[in-house]
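[1] heads up, no residue letters with this:
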């Protein structure tokens, strides 16, 4: 079994900062890409940022220059540093990981965390 557990969400004022963390655990053989998505009320889930196992990153245009994704391959963790937060950043944030399990070491599966709420108050 594989679990992704997020932490670090909360309430912050406009212009403030938060750091989200996500830890993957369980029967993991290796992890390819890891990413953060978000879903605001009444909207579809959207990609925020993604990072490859080699450290290459990609961001949604709306967060470039404000949010930074990073990972620690030894710890199977991915973080999202969020600065200069805006009310439109309010959403539930989900981490995900494309990984190989020890049971199926040749098949990539995507796993999701349970989500963490980020609220930016104006």
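    That came through fine. Since this is a predicted model, take the numbers as computed values, not measurements.

[2] Please name the strands paired to the helix or strand that residue 94 is a member of in the sheet, noting orientation.
    Secondary structure assigned from DSSP states H and E places residue 94 in strand 91-101. Applying DSSP bridges to the sheet, strand 91-101 is found paired with strand 28-39 (antiparallel), strand 109-112 (antiparallel), strand 116-121 (antiparallel).

[3] and it, how far out from the chain's middle?
    Centre-to-centre, strand 91-101 and its host chain are 6 Å apart (Cα atoms, centre = their mean, to the nearest Å).

[4] average model confidence for it?
    The average pLDDT for strand 91-101 rounds to 96.

[5] Repeat that for stretch 46-54.
    pLDDT averaged over stretch 46-54 gives 97.

[6] which other residues reach that stretch?
    30-39, 57-60, 63, 67-71, 73, 78, 80, 93 (Cβ atoms under 8 Å, 6 or more residues apart in numbering). All C-beta atoms are positioned from the backbone trio N, CA, C, and that covers glycine.

[7] do stretch 55-75 as well
    By Cβ under 8 Å, 6+ apart, the residues outside stretch 55-75 that reach it are 23, 31, 34-36, 46-51, 53, 77-85, 88-89.

[8] of these, buried ones?
    Taking 16 or more other Cβ atoms under 10 Å as the criterion, what is buried in these is 23, 31, 34-36, 48-51, 77-80, 82, 85, 89.

[9] and which of these is nearest residue 12?
    residue 85 (5.7 Å; Cβ to Cβ).

[10] list the contacts for the closest one?
    12, 14-18, 66, 118, 120.
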